[in-house]
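Participant: coords below, sequence missing:
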């Protein structure tokens, strides 16, 4: 029955979120993203730096991890339904990362309060810019940019595709596989999608694929940031205005939506020197602004998840 499939998918989504929030990431030794990264790295090293090589990496990694996911889910579904739901939930939980994202930025905030040099070093692991001489305000800006940009990559996109493809035929397995494909794409973009001389060619197709997959989720995320700002009594009107004016000011066609909406909501200006300036807020960029950005991220993520749950519940009742 279709309603039964939707119940299973909804259960998997809810359980995966609970796993992420309470347990966190699975160990590195078995984390799919680690294997994805290792595979992408090895392929990059053995292939010439061309666009065709980038295409080969995309096709090879997507096929490999899709096939592994399908096999695991097919085997567990034949053994026991409960086992299938648990395994599917664990796999899905590895495609997004609410808890880790928030804890990482909290770590930057704590480092900033303790020692700016420590914060600079911690920040260097998260951003591509040179962090050696960043001031407190620039570190705060970079932390908030990283946090709010990744609401799309680490939360909304994988759950968006899971919930959408869960409505298609064979959605019980397809929805999980599509989330894994998204995570493969996003990992490839994170590793290869830089416009350096070394990666400009081989990273072109991975970057383009990631841009395509994030196109709709990024814009949805921006709207949910504005809604979260309204609920938190932040400046939601400015949030909308800044997103409208600055969302396309970033090199990426997608990252500016959530970042600019957050900048407006928090009445701050986010700056990456020589690359972009988002917003016109005049509040000082202190570590306290990171706390507000974390609250904004939590509420944005919660609202999006609750939307999925609500829509699925409505559909289940309609189909019963």
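Facilitator: Yes, it's here. Every value quoted in this text rests on a predicted model; they were computed, and no experiment measured them.

Participant: give me the low-pLDDT residue ranges for this protein?
Facilitator: 1 (pLDDT under 70).

Participant: mind listing the strands for it?
Facilitator: For the chain, the strands defined by DSSP state E occupy 270-272, 276-278.

Participant: Just put those strands in JSON lines and tack on mean neighbour count and distance to residue 119.
Facilitator: Bear in mind the C-beta positions are built from the backbone N, C-alpha and C, glycine included. Conversion of the strands of the chain to JSON lines gives the following (neighbours: other C-beta atoms under 10 Å; distance: least, C-beta to C-beta, whole Å):
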{"stretch": "strand 270-272", "mean neighbour count": "21", "distance to residue 119": "17"}
{"stretch": "strand 276-278", "mean neighbour count": "20", "distance to residue 119": "21"}
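
Participant: Switch these over to TSV; also include distance to residue 21.
Facilitator: Formatted as TSV, those follow (distance: least, C-beta to C-beta, whole Å):
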stretch	distance to residue 21
strand 270-272	27
strand 276-278	29
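
Participant: Can you check which of the ones you listed gets nearest to residue 239?
Facilitator: For these, proximity to residue 239 was assessed by C-beta to C-beta; strand 276-278 is nearest, at 11.5 Å.

Participant: residue ranges of the helices in the stretch 201-320 of the chain, please?
Facilitator: Assigned by DSSP state H, counting those that start in this stretch, the stretch 201-320 of the chain shows helices spanning 204-231, 236-246, 255-266, 287-319.

Participant: how big is the angle separating the third one from helix 287-319?
Facilitator: On the basis of axes from the mean of the first three to the mean of the last three C-alpha atoms, to 10 degrees, helix 255-266 is oriented at 110 degrees to helix 287-319.

Participant: Export the helices of the stretch 201-320 of the chain as TSV, with columns for mean neighbour count and distance to residue 274.
Facilitator: Output for the helices of the stretch 201-320 of the chain, formatted as TSV (neighbours: other C-beta under 10 Å; distance: least, C-beta to C-beta, whole Å):
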stretch	mean neighbour count	distance to residue 274
helix 204-231	21	20
helix 236-246	20	16
helix 255-266	30	16
helix 287-319	17	22
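
Participant: For residue 128, which of the ones you listed is the nearest?
Facilitator: So among those, helix 255-266 is nearest, using C-beta to C-beta, at 12.4 Å.

Participant: out of the strands of the chain, nearest to residue 264?
Facilitator: Closest to residue 264 of these is strand 276-278 (C-beta to C-beta; 8.6 Å).
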